[in-house]
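S.K.: fold the following, please.
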Amino acid sequence: MKKAIAMILSQIAVLPLFAQEPCLDPLKVNMPLFQTKYTADPSPLKVGDTLFLYTSHDASPEDIPDENEKNSAGFFMYDWLLWSTTDMVNWTEHGAVASLKDIKWRSRENGAWAIQTIERNGKFYLYAPLHGHGIGVLVADSPYGPFKDPLGKPLVWQTEHWEDIDPTVWIDDDGQAYMYWGNPYTYCIKLNEDMISTQGDIYVLNPQDGKMRPVKEEGSKINLRIPQEEKKDWAVKHYQEGPWFYKRNGHYYMGYASTCCPEGLGYAMSDSPMGPWKYKNYLMAPTNRDRGNHPGIVDYKGHSYLFGQNYDLMHLDTYEHHERRSVSAVEFTYNQDGTIPESPYWLDHKPMKQLEWFNPFKRVEAETMAWGYGLKTAKMGIENTGVVEKMPYSTGRKNMYVYDLNNGEYIRLRGVDFGKGAKKFNITAAATGKAKVTLRLDSKDGQVIGFAQINETGSLEKYVNFQGKVKGANGIHDLYLCFENVSGEIRLDWWKFEK
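M.R.: Numbering: from 1, shown residues only. This is a model prediction of the structure:
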């Protein structure tokens, strides 16, 4: 969620206090997908058998360079992150896929807001807003990057206002691509086949009748800030920002963040990619358990998923408000007429259903997990930093490690299929200290099936394989890598079981 500073400050003053949740147990409720970083603005992309999820990145306090701002409530966003899964519950982190440094024409050192990445003809296009400076596009030959700026300037920039944010792109069945965006108005333009140039006019949605009209037409915009009760008969209600545009079974959909604050998730439908649009319902109603939202919707392996954002991860640490958001997802179904039932709040769902069992007999990157609260991750050879000028350019796929291990923390993997049994466990780590990795089944206090002792390796750049015997691991279980007797600094690269 991103608002003009004045709006943010005015809303913070009147927000009710969050009521503490009675249960934030990842075994019982649908907690956020990622814990090593704060995330927002989810953008799912299916490529082959893998679901990729691009997110924006709310900086943790230690990553904010200004000492006076480290504990403020504002937005501090410098780069965009990438995650992937094949089972919807165990996710692999790939770190920063691009940053503000990749966009030379930016006007700020903060503001890496909501992106969407799509594929066309074997290339990947990342559409990024630079608030007050238009929308740009980065291009790569892989979903991991490296992403480069082919234009060196905005793809779209309406210089008369600051409404060019939150781009969403869809390629229709006839090959025509469309980009929607905007806060508090909804804009649209056609993209050429090269995906880095536009054609025709910019259109704006008139929520009163749901029609798209060229921006240059006088009267195409109306006052959105009239009282809500006067909007009850409007064709499109509650739109604020964060559109997600797509087509399914002949219906066009536009999900969006509803009027702030708090923001829910609403949606409208149309029979045409250019409208007219008609409001249908909330995807998820506004609630004082949350503040902002941003939808991402995808079909994957025969299931439909809604992604959005909340503050549930931050609430494990504090209920004092900061813009430290976390991405969650729920599965949903469509009604026969194509409409979408309203979903309860993220935490009111049971944990996500696993689509396939996890194979522990292959190399598993340590940053693959269903839960790892308290741990941190980084790309090898790249220091984490919130200073844009010190950030690397988009690096593409690069090996990562898990660090900041403390006693009592753990990595959880869901639905691990040990088959007829495992006999040995390998873990590769670099260490200036020591740590004991206790392998447990089904809970952090569950059955112990083995150990691996990590010892000093001589430096944090020298990775060594450590092994331990395993007994009693067979069938399907949740796996916990529990950390004990931790001293010094430990960096985990990957692990693997042997039969």
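S.K.: so Leu460: helix, strand or coil?
M.R.: Three-state assignment for Leu460 (DSSP: H, G, I helix; E, B strand; the rest coil): coil.
S.K.: could you break this protein into its assigned domains?
M.R.: Under the assignment automatic domain parsing, the domains of the chain span 5-342, 364-373+405-498.
S.K.: worst average pLDDT in those domains?
M.R.: If the domains of the chain are sorted by mean pLDDT, domain 5-342 sits at the bottom with a mean of 92.
S.K.: roughly how far is that one from the heart of the chain?
M.R.: Remark: domain 5-342 is offset 10 Å from the chain centroid, using Cα atoms, centre = their mean, to the nearest Å.
S.K.: when you give positions from now on, start the count at 15
M.R.: Happy to do that; since the first residue is 15 now, the last one works out to domain 19-356.
S.K.: so who does Asn420 touch?
M.R.: Gly388, Phe497, Val500 (Cβ atoms under 8 Å, 6 or more residues apart in numbering). Every C-beta, even on glycine, is put in place using the N, C-alpha and C of the backbone.
S.K.: and these, which are buried?
M.R.: Neighbour counting by 16 or more other Cβ atoms under 10 Å classes Phe497, Val500 among the contacts of Asn420 as buried.
S.K.: so can I have TSV of the contacts of Asn420 showing secondary structure?
M.R.: Listed next are the contacts of Asn420 as TSV, based on three-state DSSP:
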residue	secondary structure
Gly388	coil
Phe497	strand
Val500	strand
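S.K.: could I get the contacts of Asn420 as a markdown table with distance to His147?
M.R.: Shown next, in a markdown table, are these (distance: Cβ to Cβ, whole Å):
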| residue | distance to His147 |
| --- | --- |
| Gly388 | 37 |
| Phe497 | 44 |
| Val500 | 45 |
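S.K.: right, and Asp116 touches Pro164 too?
M.R.: No. In this structure, Asp116 is not within contact of Pro164 by Cβ atoms under 8 Å, at 11.3 Å.
S.K.: higher neighbour count, these two?
M.R.: Asp116 (25 against 15; other Cβ atoms under 10 Å).
S.K.: re earlier: and of the domains of the chain, who's closest to Ser408?
M.R.: Proximity to Ser408, assessed across the domains of the chain by Cβ to Cβ, is greatest for domain 19-356 (4.0 Å).
S.K.: can you tell me the closest non-neighbouring residue to Phe372?
M.R.: Val430 (4.7 Å; Cβ to Cβ, 6 or more residues apart in numbering).
S.K.: contacting residues for the one you found?
M.R.: By Cβ under 8 Å, 6+ apart, the residues touching Val430 are Trp371, Phe372, Pro374, Ile490, His491, Asp492, Leu493.
S.K.: just the buried residues of those residues.
M.R.: By neighbour count, with 16+ other Cβ under 10 Å, the contacts of Val430 hold Phe372, Pro374, His491, Asp492, Leu493 as buried.
S.K.: hmm, Asp492 and the second one touching each other?
M.R.: So the one you mean is Pro374. No. Between Pro374 and Asp492 no contact is recorded; they are 11.5 Å apart, counting by Cβ under 8 Å.
S.K.: overlap of the contact sets of those two?
M.R.: Contact criterion Cβ under 8 Å, 6+ apart; residues shared by Pro374 and Asp492: Leu427, Val430.
S.K.: one step back: tell me which residues form a beta bridge with the residue nearest to Phe372?
M.R.: When assigned by DSSP bridges, Val430 has beta-bridge partners Phe372, His491.
S.K.: where's it relative to Leu455, distance?
M.R.: Taking Cβ to Cβ, to the nearest Å as the measure, Val430 and Leu455 are separated by 9 Å.
S.K.: same question for Lys448.
M.R.: 24 Å.
S.K.: more neighbours: which of these two?
M.R.: Using other Cβ under 10 Å as the criterion, Lys448 and Leu455 rank with Leu455 on top: 19 against 14.
S.K.: the more buried one against Lys485, yeah?
M.R.: No. Assessed by Cβ under 8 Å, Leu455 is found out of contact with Lys485, at 11.5 Å.
S.K.: overlap in contacts, those two.
M.R.: Counting by Cβ under 8 Å, 6+ apart, the shared contacts of Leu455 and Lys485 are Ile463.
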